[in-house]
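*Asks:* here's a sequence, model it:
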Amino acid sequence: MWAEPIGSFPWGSNPICHPNCASIYNFSDKTNFQGSTENLTLVERYTRTGPDLLTLRITVEDASTFTRPWTIELPLTKLDEKANQIYESSCHEGNYALTSILAGARAMEREKKAGAATRTR
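*Replies:* Numbering: from 1, shown residues only. Next up, the predicted model:
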């Protein structure tokens, strides 16, 4: 199985990616998760558990903070592609307003659809 470094994040962590897994380590003193230290390691693993289901499993380890590693699992269900298009959630200047931007776009789509229905009657 291959592993490939994908660069570093702004606060100094370094992810290593495998086909279904990312190991993130080398956190700095500028990061803080539940009192964690620079010894924090995260392992994120995606597993297809059904035709429309992925399971995201994140293992958190930091012997300086936690008595033992702990894991969280999140089920990710595939939704209808037309009704639920995924938007890219990276940081940008509009993130704070993205919910309102999307709500406005959906309202415009409904108005357009209602107008088209009125014209066809």
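*Asks:* do you know how far residue 104 is from residue 60?
*Replies:* 37 Å (CB to CB, to the nearest Å). The way it works is simple: take the backbone N, C-alpha and C, and place the C-beta from them, glycine included.
*Asks:* so how far is residue 112 from residue 106?
*Replies:* Residue 106 is 11 Å from residue 112, by CB to CB.
*Asks:* not counting sequence-adjacent ones, nearest residue to residue 78?
*Replies:* residue 52 (4.0 Å; CB to CB, 6 or more residues apart in numbering).
*Asks:* would you mind listing the buried residues in stretch 24-37?
*Replies:* For stretch 24-37, the neighbour count (16 or more other CB atoms under 10 Å) marks 24, 26, 27, 31, 36 as buried.
*Asks:* so the first one belongs to a helix, correct?
*Replies:* No: the assignment for residue 24, made by DSSP: H, G, I helix; E, B strand; the rest coil, is strand rather than a helix.
*Asks:* where do the helices of this protein begin and end?
*Replies:* For the chain, applying DSSP state H gives helices covering 98-119.
*Asks:* where along it do the strands fall?
*Replies:* 4-5, 14-18, 21-25, 41-50, 53-61, 70-77 (DSSP state E).
*Asks:* confidence-wise, which of those strands is weakest overall?
*Replies:* Mean pLDDT values for the strands of the chain show the minimum at strand 4-5, a mean of 45.
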